[in-house]
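J.: sequence and predicted structure below; questions after.
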Amino acid sequence: MRALGWATGFRLDIRESKGLTVVAADDNGLFRVTEQGNVHLPAAVRHWCRLGPGDRVLLVAYPAAGLLVVHSPASLDALVDAIHAQALSGEQS
């Protein structure tokens, strides 16, 4: 949150984009940074991400764009699969 300059009460918009959850600063956003400095992902967002109870996520901040990207285990699996398919295409096992 510090890298993005987001403080307690900062208003946010949370959207799904191509299988990722993207959090952006938005003066009209429905969501806010909590008093503990966290972003709470509502149930609908967790459903988009296919997040289950106790699932961990990878958070990637893009300060220049003012974005926080939430990578779920499913999105990380897809990313790794795509990289392996590209890197190993044509190789025999």
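T.: Looks like it came in fine.
J.: ok, the nearest residue to residue 71 once chain neighbours are set aside - contacts?
T.: Distances taken as Cβ to Cβ, 6 or more residues apart in numbering place residue 58 nearest to residue 71, at 4.1 Å, with adjacent residues excluded. Quick note: C-beta positions are derived from backbone N, CA and C, even for glycine. Each residue near residue 58 by Cβ atoms under 8 Å, 6 or more residues apart in numbering is listed here: 70-71, 76.
J.: measure residue 58 to residue 73 for me?
T.: Separation of residue 58 from residue 73 (Cβ to Cβ, to the nearest Å): 9 Å.
J.: wait, is residue 7 part of a strand?
T.: No. Assessed with DSSP: H, G, I helix; E, B strand; the rest coil, residue 7 is coil; it does not lie in a strand.
J.: mind listing what it touches?
T.: Counting by Cβ under 8 Å, 6+ apart, residue 7 has contacts 1, 33, 37.
J.: repeat that for residue 55.
T.: Residue 55 touches 72-73, counting by Cβ under 8 Å, 6+ apart.
J.: now it: how far from residue 10?
T.: 25 Å.
J.: for the spatially most central residue of the chain, phi and psi?
T.: What sits nearest the mean C-alpha location of the chain, by Cα atoms, centre = their mean, is residue 70, with 1.1 Å. Residue 70 adopts backbone torsions of phi -100, psi 120, taken as degrees, to the nearest 10.
J.: wait, isn't it in contact with residue 48?
T.: No. Assessed by Cβ atoms under 8 Å, residue 70 is found out of contact with residue 48, at 9.6 Å.
J.: which SS class is the closest residue to residue 16 other than its chain neighbours?
T.: In space, and not counting its chain neighbours, residue 16 is closest to residue 48: 4.4 Å by Cβ to Cβ, 6+ apart. Assigned by three-state DSSP, the conformation of residue 48 is helix.
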